[in-house]
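Enquirer: Coordinates only, no sequence provided:
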């Protein structure tokens, strides 16, 4: 995050076919303890389309090829993390994993810019019930209205605080 700069990013909304859960990585803001999840993805490089960026980012982060199915939307995300204001334009892509073995894994180790993190399959309404945010904020509302929730009893992933 560069202070004073707007960053364009592309994220992949990947839903597990068996229950509609979304693949997202876990994070926590050490300054205020806020816990959150965000779908995988990252920065769009100069001259790169958002579709190409989402493909590249998933390959870099988890070593997986994805097929972008369509652009869900574009949102402006202004946020605070580690006591710094961030500003992003977020291209949200609905994607499918080519390697179906990823759908069977409960946790997927990711490389988030050289830092190890863990991605889980999560349901936005379960996260909200436990006080955990899904970013960008507009995504949870979209998922709750556009996709049926087929597994209302699935647990929130366990993680260490």
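Expert: Perfect, thanks for sending it. Quantities reported herein were computed from a predicted structural model and do not represent experimental measurements. Residues are numbered from 1 along each chain as shown.
Enquirer: can you list the weak-confidence ranges in this protein?
Expert: Across the chain, the ranges flagged by pLDDT under 70 are 1-2, 144-161.
Enquirer: In it, where's the longest helix?
Expert: helix 50-62 (DSSP state H).
Enquirer: The helix or strand following that helix: partners in the sheet, and parallel or antiparallel?
Expert: Later in the chain than helix 50-62, the nearest helix or strand by DSSP states H and E is strand 66-81. According to DSSP bridges, strand 66-81 forms sheet pairs with strand 84-97 (antiparallel).
Enquirer: Tell me how far the strand it pairs with lies from the chain's centre.
Expert: Computed by Cα atoms, centre = their mean, to the nearest Å, the chain-centroid distance of strand 84-97 equals 8 Å.
Enquirer: That strand to helix 50-62, inter-axis angle?
Expert: Angle, strand 84-97 to helix 50-62, by axes from the mean of the first three to the mean of the last three Cα atoms, to 10 degrees: 90 degrees.
Enquirer: For strand 84-97, list every residue counted as buried.
Expert: Of all the residues in strand 84-97, those buried under the rule 16 or more other Cβ atoms under 10 Å are 86, 88, 90-95, 97. No exception for glycine: its C-beta is placed from N, CA and C like everyone else's.
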